[in-house]
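In: Just need the structure, nothing else, for what follows:
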Amino acid sequence: MSDRYTIARITHDGDHFEILTKPEPALAYRLGKTTTVSQVLATETIFTDAGKGTKASEERLQAVFGTIDPIKIAEVILKKGTLQLTTEQRKQLVEDKRKQIVSFISRECIDPKTNLPHPPLRIEQAMKQIHFSIDPSKGVEEQSKEIIKLLRPIIPLKMEKITVAVRIPAEHASKAYGSVKGYGTLKKDQWQADGSWIAVVEMSAGSYGPFLDTLGKITKGNLEAKMIK
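Out: Predicted coordinates for the structure are as follows:
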């Protein structure tokens with residue numbers, strides 16, 4: 001279409017159903033930022049071919065969607081169908097996904113030579129060499145694992161999990177609890193008689209440094225932490 005309108009479409013048993021949408025509200029809806037379908041629609045008409053202006057029959061709409069209400073039908077199309085993106089929207093989504101992938105690799109992988117995570121800038125520079133086409137509709141972890149395989153000839157990468165035991169003094173324990181859980185999987189935890197909190201958490205090796213930095217700031221350095229395997 002154009003940057004003024006985009007199309008959302010769905011196919012059912014060979015029949016195509018399309019709606020004309022406003023680009024920004026439609027994308028916001030798909031991302032869960034807008035809840036009102038009426039704000040998304042450029043027109044409350046269900047088409048079989050929006051480009052040609054061919055409308056869907058009420059009989060077919062009733063048979064497929066169980067209603068002829070355009071708002072209810074549009075909601076189904078927006079949630080389950082595909083949404084056309086403008087060039088600028090796609091560019092922004094790819095860039096956002098790229099940043100998430102770089103963050104994932106930096107967090108989940110280490111340099112096996114140093115046992116330290118690679119800086120994000122090093123990962124970004126290496127990614128430029130492999131010319132990987134990022135798909136904004138695919139998950140971060142799925143694409144990251146493909147990219148890691150391609151990056152290994154360029155920079156050494158190793159995905160490794162570690163288990164860390166930590167003890168937080170009573171005065172910082174409640175504040176630190178959420179941060180500890182945010183870095184990995186809590187395997188066990190226990191509150192002590194003196195109010196302190198001990199926990200065992202599994203995390204990616206690349207998260208260990210940021211984990212210690214975060215807890216160090218919360219506790220002002222007053223904590224105990226060690227890798228146990």
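In: I figured residue 227 was touching residue 162, is that so?
Out: Yes: using CB atoms under 8 Å, residue 227 is in contact with residue 162, at 5.3 Å. The C-beta positions use only the backbone N, C-alpha and C, and glycine is treated the same way.
In: domain assignment for the protein?
Out: The chain resolves into domains spanning 6-83, 87-158, 161-227 when parsed by automatic domain parsing.
In: Please convert the ones you listed to CSV, extending it with mean pLDDT and mean neighbour count.
Out: Formatted as CSV, the domains of the chain follow (pLDDT from 0 to 100; neighbours: other CB atoms under 10 Å):
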stretch, mean pLDDT, mean neighbour count
domain 6-83, 93, 16
domain 87-158, 93, 15
domain 161-227, 91, 16
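In: which residues in this protein form helices?
Out: Assigned by DSSP state H, the chain shows helices spanning 23-30, 37-40, 58-65, 70-80, 87-108, 120-130, 140-151, 170-182, 208-219.
In: what does the fourth one contact?
Out: Yep, that's helix 70-80 we're talking about. 8-10, 17-19, 21, 26, 29-30, 37-38, 40-41, 44-46, 61, 65, 67 (CB atoms under 8 Å, 6 or more residues apart in numbering).
In: cutoff 7 Å now
Out: Outside helix 70-80, the residues that touch it by CB atoms under 7 Å, 6 or more residues apart in numbering are 8-10, 17, 19, 29-30, 37-38, 40-41, 44-46, 61, 65, 67.
In: got the contact list for residue 48?
Out: Residue 48 neighbours (CB under 7 Å, 6+ apart): 16-17, 54, 56.
In: returning to what we had before: need the helices of the chain in a markdown table (columns: distance to residue 194).
Out: Shown next, in a markdown table, are these (distance: least, CB to CB, whole Å):
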| stretch | distance to residue 194 |
| --- | --- |
| helix 23-30 | 49 |
| helix 37-40 | 55 |
| helix 58-65 | 62 |
| helix 70-80 | 51 |
| helix 87-108 | 33 |
| helix 120-130 | 40 |
| helix 140-151 | 40 |
| helix 170-182 | 6 |
| helix 208-219 | 15 |
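In: Among those helices, which comes closest to residue 197?
Out: helix 170-182 (3.9 Å; CB to CB).
In: CA atoms only for the closest one - export them in PDB, please.
Out: Extracted as PDB, the C-alpha positions of helix 170-182 are listed here (Å, rounded to 0.1, in the frame of the first residue of the first chain):
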ATOM      1  CA  ALA A 170      19.700  -9.200  56.600                       C
ATOM      2  CA  GLU A 171      19.700  -5.400  55.900                       C
ATOM      3  CA  HIS A 172      20.000  -5.900  52.200                       C
ATOM      4  CA  ALA A 173      18.300  -9.300  51.700                       C
ATOM      5  CA  SER A 174      14.800  -8.200  50.700                       C
ATOM      6  CA  LYS A 175      16.100  -5.700  48.200                       C
ATOM      7  CA  ALA A 176      18.600  -8.200  46.700                       C
ATOM      8  CA  TYR A 177      16.100 -11.000  46.300                       C
ATOM      9  CA  GLY A 178      14.600  -9.800  43.100                       C
ATOM     10  CA  SER A 179      17.900  -9.000  41.500                       C
ATOM     11  CA  VAL A 180      19.300 -12.500  42.200                       C
ATOM     12  CA  LYS A 181      16.200 -14.100  40.600                       C
ATOM     13  CA  GLY A 182      16.600 -11.800  37.600                       C
END
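In: which helices and strands does that helix pack with?
Out: Using 3 or more CB pairs under 7 Å, 6 or more residues apart in numbering; DSSP states H and E, the elements in contact with helix 170-182 are strand 197-204, helix 208-219.
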